[in-house]
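>>> compute the structure for the input listed below.
(one chain, ligands or ions: 1)
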Amino acid sequence: MRAIAVSEYGATPAPMNLPPPEPGPGEILVRVIAAGLNPLDWKIAEGMLKDSVDVPFPLILGRDGAGVVEEAGEGVTRLRAGEQVYGCFAAVERGLGSYAEYAIVREDGPVAKMPEGMIYTQAAAVPTASATALAMVEQARIDTGQTVLVVGATGGVGQSVVQLAARAGAKVIATARDDMAGTMRRLGADETVDHSAGDLNRQVLGVHTDGIDAVLDMVSDTRAAEHLAQLLRPGGTYITTTWAVNPDAMEAKELRGVNFKGEPSAELLDRLSDLIDAGALRVRVEREVPLEQAADALADNRLGGARGKTVLRI
Ligand SMILES: NC(=O)c1ccc[n+]([C@@H]2O[C@H](COP(=O)([O-])OP(=O)(O)OC[C@H]3O[C@@H](n4cnc5c(N)ncnc54)[C@H](OP(=O)(O)O)[C@@H]3O)[C@@H](O)[C@H]2O)c1
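From the prediction side, this is the model:
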């Protein structure tokens, strides 16, 4: 089968012809029609898991995907051949991922029926980013009327965070360069602040002189997060996908710090499908490219500037 893989950590992702996987007991073989790109994909290609997982090479990249159940392994009852599914289809310990014509997922893993109103290229853009956003907004425990700052709001995770935080009743301040300010407001942000136009704290405190209740952060390193945490009122929450906070140090300042670890599941995917089908969550595909252009798309994502999701057509 055609796939995009790396022959070693740090190698350029390249098209390869590899044997299709066979589904074992409890596993589903998916014929992948579209794969969604996440920063995690190039991080893994660069060696993020090298000390924690024994990975065989070549390693097929990617985890998000949408396609059709090709074959259900022994004992599988939840999904049947021919069903349209989406989810996270990576099995890195077996060298398998979603940037391929076929991928494997466990029946009890992160796989669910596709949202009814979506085509494959849209559904492939949803799993990791929007499941992260849904779980993250819940962990932030936002109360109606609270003011929250979303940092990295214009990216894949951020766009869903903005919509779901607004839906939870928050007053949302979204980071956005000029070109994305209108989009952020249409997604539910009440205000935007431009992270390329000077200190965010100064911009936020200029309007919210008493500070804010929560920061949901997809981009900051430890130093930047420490600075942004000064925006929080006592009792406030700082939640980050980049593991940039020290929860103990924050507790000492009467703040709650959470380093978020996403665990996409069938249950989260089903809830996302419901939100999407109800028109309560939109996922913006910024760019669609053929599988063979994965290396360029990954390099571009690494450089920054995402304005939505990138999807590979298999
Ligand atoms: N912990 C977990 O479980 C988990 C789960 C999912 C994702 N993540 C991580 O979360 C991060 C975000 O993922 P993503 O898929 O949303 O990435 P993405 O789609 O590449 O988006 C990143 C966005 O952040 C913006 N940005 C960059 N620097 C910024 C700054 N200083 N202030 C405000 N905005 C800034 C970028 O726009 P500009 O470049 O134009 O500023 C871009 O729109 C990645 O590091 C990913 O690995 C972690």
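>>> please count neighbours and contacts with C-alpha atoms only from this point.
Noted.
>>> tell me which parts of the stretch 151-300 of the chain are close to the ligand?
151-152, 154-158, 175, 195, 218-219, 241-242, 260-262 (C-alpha under 6 Å from any ligand atom).
>>> so of those, which ones are in helices?
Those of these mapping onto helices are 156-158, per DSSP state H.
>>> now those: which count as buried?
Among these, those buried by neighbour count (16 or more other C-alpha atoms under 10 Å) are 156-158.
>>> using JSON lines, lay out the residues you listed together with pLDDT.
Formatted as JSON lines, these follow (pLDDT from 0 to 100):
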{"residue": "Gly156", "pLDDT": "96"}
{"residue": "Val157", "pLDDT": "98"}
{"residue": "Gly158", "pLDDT": "98"}
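>>> just name the closest of the residues you listed to Ala131, please.
Nearest to Ala131 among these, counting by C-alpha to C-alpha, is Val157 at 8.5 Å.
>>> residue contacts, that closest one?
Val157 is in contact with 129-130, 132-133, 218, counting by C-alpha atoms under 8 Å, 6 or more residues apart in numbering.
>>> make a ChimeraX selection of the buried ones in those.
To isolate the buried members of these in ChimeraX, using 16+ other C-alpha under 10 Å:
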select :129,130,132,133,218
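>>> in strands only, show me the contacts of Val157.
Among the contacts of Val157, no member falls in strands (DSSP state E).
>>> I'd like the contacts of Val157 as JSON lines, with pLDDT appended.
Shown next, in JSON lines, are the contacts of Val157 (pLDDT from 0 to 100):
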{"residue": "Ala129", "pLDDT": "98"}
{"residue": "Ser130", "pLDDT": "98"}
{"residue": "Thr132", "pLDDT": "98"}
{"residue": "Ala133", "pLDDT": "98"}
{"residue": "Met218", "pLDDT": "98"}
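>>> among the contacts of Val157, which two are most distant?
Ser130 and Met218 (12.6 Å).
>>> what about the helix or strand harbouring Ala224, average pLDDT?
Ala224 is part of helix 222-228, with elements assigned from DSSP states H and E. The average pLDDT within helix 222-228 is 98.
>>> list the buried residues for that helix?
225-226, 228.
>>> next one: stretch 166-181
166, 168, 170-177, 180-181.
>>> among these, which ones are in helices?
Of the buried residues of stretch 166-181, the ones assigned to helices by DSSP H are 166, 181.
>>> ok, so of the buried residues of stretch 166-181, who is nearest Gly36?
Met180 (21.4 Å).
>>> so how far is Met1 from the nearest residue to that closest one once chain neighbours are set aside?
Using C-alpha to C-alpha, 6 or more residues apart in numbering and skipping residues adjacent in sequence, the residue nearest Met180 is Thr154, 7.0 Å away. Distance of Thr154 to Met1, given as C-alpha to C-alpha, to the nearest Å: 35 Å.
>>> tell me which of these two has more neighbours.
Each of Thr154 and Met1 has its neighbours counted (other C-alpha atoms under 10 Å); Thr154 has more, 25 against 11.
>>> the more buried one: what's it in contact with?
Contacts of Thr154 (C-alpha under 8 Å, 6+ apart): 174-176, 180, 184, 306-308.
>>> report the secondary structure state of Gly210.
To be clear, residue 210 is Asp; Gly isn't right here. coil (DSSP: H, G, I helix; E, B strand; the rest coil).
>>> remind me what the longest strand seen in the chain packs against, helices and strands.
Determined from DSSP E, the single longest strand within the chain is strand 27-37. Contact analysis of strand 27-37 by 3 or more C-alpha pairs under 8 Å, 6 or more residues apart in numbering; DSSP states H and E lists strand 64-72, strand 102-106, helix 120-123, strand 309-313 as its packing neighbours.
>>> now render the ones you listed as TSV, adding mean neighbour count, mean pLDDT and distance to the ligand.
Putting those into TSV (neighbours: other C-alpha atoms under 10 Å; pLDDT from 0 to 100; distance: least, C-alpha to the nearest ligand atom, whole Å) gives the following:
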stretch	mean neighbour count	mean pLDDT	distance to the ligand
strand 64-72	26	98	11
strand 102-106	26	98	19
helix 120-123	25	98	15
strand 309-313	25	98	6
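>>> closest to the ligand among the contacts of Thr154?
Ala306 (4.2 Å; C-alpha to the nearest ligand atom).
>>> check what pLDDT the closest one gets.
On the pLDDT scale, Ala306 gets 95.
>>> any idea how far the nearest residue to it once chain neighbours are set aside lies from Leu59?
Nearest residue to Ala306 in three dimensions, chain neighbours excluded: Gly155, at 5.4 Å (C-alpha to C-alpha, 6+ apart). To Leu59, Gly155 is 26 Å away according to C-alpha to C-alpha.
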